[in-house]
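> Predicted model and sequence follow; I will ask about them next.
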Amino acid sequence: MGNLMEPSSASVYDGNLASDRVVIHVTSHQRIDQQILVKWRTKTFIARIVEDQEEWIPQFLTQAANFCGENVSRGSPKGSLGSGTTLRFWIDTWLEDKPFYLLFPDLFKLESYKGCLVKDRCTGGGEFSQWEWSWIRPPSTPMEIQQLLTMLTKIQNVTLSNQDDSWRWNADSSSCFTVKSMRIRLQNASYGPTHWVFPWNKFAPHKVNVLGWRIKMNRIATADQLAKRNISTTLSLCPICKAQNETAEHLFLLCPFVDYLWSFILSWCRVSTQKPCNLKDLMEVHQKANLNHWTQKLFQHVILSYIWVIWKTRNDSIFLTKNPSLRRAIKDLKGTSFFWLATRSNIPDLNWEKWRTFSF
């Protein structure tokens, strides 16, 4: 691997890791965060590595690459099966592009020895494909049986040999790990499911911007999201209208209560635009309105105040048993947004009358 400060074409297995410095130049804060992790794990790895323990190298690289995202993990090490004495059956990537514990998660839960080697499971002695398992209990659910049949189909022709297991780094044409290949892979990777940048607004507090970002990513604790995390709740209906199941899209776009609040906002700000059809459009509606740049920022501030008031109304209904009130919501919307604007901006001649009539 050589000195980690410079690109190297040396094999990943030579174990010649004398330097504890890793310096990789990147072009954004997000990639800096990714590289800090790689650097930290590299130092930790170097501190632990000892002679004749080369298997730690691909394990470390696999973990670091997987952490940095799917586009990066495609270049992580992949094992080439030989005797099966060093490759772990579930954890290492050796047959498919992903390890078996990700491809067959239900079966992995049933495995009694999750760090087992390929040789521990393939007992055909290299002459034929024969597999033995050590389950906590036999696979029984439809999903477990389906995953078992799929896995058996993939490994039905796998046999062992007398050769040693080996590793190759798919991100470099030489099949050997280089820092340069990892850096290029990070620079070319795209982060996030939609490659969308949240339009932050300096007039609203950070917690409100974060709430807007989480709403767009559908990462707030609505009833449907809590159910996905196996968190039981006594109420699955929207706590405001109590008529439909609670989802982020319903809570901020489809609930009859927010329909009235949205109509008030358009009338108050004198904006003519269509109602957003999804959460992403809600966070970008200020960009599509026919407004100048300055008024766009103010209208976006109102939208962030709108989602904050809705979320507060929802929580008050659940935890304080307050009945939702449109009049109180409108009062909170105008008062809270004005307070944030007055304390976080230097708009000249800003006063309550000007904000109450949205005279900008």
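Yep, that arrived.

> From now on I want contacts and neighbour counts done on CA atoms only, so please keep to that.
OK.

> Could you point out which residue ranges in the chain have low pLDDT?
Counting by pLDDT under 70, the chain contains low-confidence ranges at 1-76, 125-128, 187-196.

> Strands along that one, start to end?
Per DSSP state E, the chain carries strands over the ranges 77-80, 166-169.

> Domain ranges for this structure, per the record?
For the chain, whose domains are defined here by automatic domain parsing, the residue ranges read 1-77+173-191, 82-164, 206-356.

> Using TSV, lay out those domains together with distance to Pro199 and mean neighbour count.
Shown next, in TSV, are the domains of the chain (distance: least, C-alpha to C-alpha, whole Å; neighbours: other C-alpha atoms under 10 Å):
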stretch	distance to Pro199	mean neighbour count
domain 1-77+173-191	16	17
domain 82-164	34	16
domain 206-356	8	16
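
> nearest to Phe198, of those?
Closest to Phe198 of these is domain 206-356 (C-alpha to C-alpha; 6.2 Å).

> Can you check the distance spanned by the closest one, start to finish?
24 Å (C-alpha to C-alpha, to the nearest Å).

> Then stretch 108-124?
22 Å.

> neighbouring contacts of that stretch?
Stretch 108-124 has contacts (C-alpha atoms under 8 Å, 6 or more residues apart in numbering) with 83-91, 100-101, 129-139, 159-160.

> For Phe299, give its distance to Ile184.
When distances are taken as C-alpha to C-alpha, Phe299 and Ile184 turn out to be 40 Å apart.

> circling back: can I get the domains of the chain in CSV including distance to Trp200?
Conversion of the domains of the chain to CSV gives the following (distance: least, C-alpha to C-alpha, whole Å):
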stretch, distance to Trp200
domain 1-77+173-191, 16
domain 82-164, 35
domain 206-356, 6
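
> surely Phe100 meets Asp106?
No - in this structure, Phe100 sits apart from Asp106 without contact. The criterion is C-alpha atoms under 8 Å, and the distance is 10.4 Å.

> show me the contacts for Thr85.
With contact set as C-alpha under 8 Å, 6+ apart, Thr85 has these partners: 117-119, 164-165.

> rerun at 6 Å
Contact analysis of Thr85 by C-alpha atoms under 6 Å, 6 or more residues apart in numbering lists Lys119.

> Do a quick rundown of the helices in the stretch 251-360 of the chain.
Chain-ordered helices for the stretch 251-360 of the chain, with DSSP state H, counting those that start in this stretch as the definition, fall at 256-269, 279-288, 293-319, 326-344, 352-356.

> What is the neighbour count of the nearest residue to Lys354 once chain neighbours are set aside?
Excluding its sequence neighbours, the residue lying closest to Lys354 (C-alpha to C-alpha, 6 or more residues apart in numbering) is Phe360, at 7.6 Å. Under the neighbour criterion other C-alpha atoms under 10 Å, Phe360 is assigned a count of 10.

> Return the distance of Phe360 relative to Leu211.
Distance of Phe360 to Leu211, computed by C-alpha to C-alpha: 26 Å.

> And for Ser325?
Distance of Ser325 to Leu211, given as C-alpha to C-alpha: 22 Å.

> swap in Leu266?
Counting by C-alpha to C-alpha, the gap between Leu266 and Leu211 amounts to 22 Å.

> what does Phe89 give?
Applying C-alpha to C-alpha, the value for Phe89 to Leu211 is 41 Å.

> and what of Lys242?
Noted for Lys242: a distance of 23 Å to Leu211, by C-alpha to C-alpha.

> Show me where the stretch 101-250 of the chain has its helices.
Counting by DSSP H, counting those that start in this stretch, the stretch 101-250 of the chain forms helices over residues 105-110, 118-121, 142-155, 179-188, 206-216, 223-228, 248-249, given from the N-terminal end onward.
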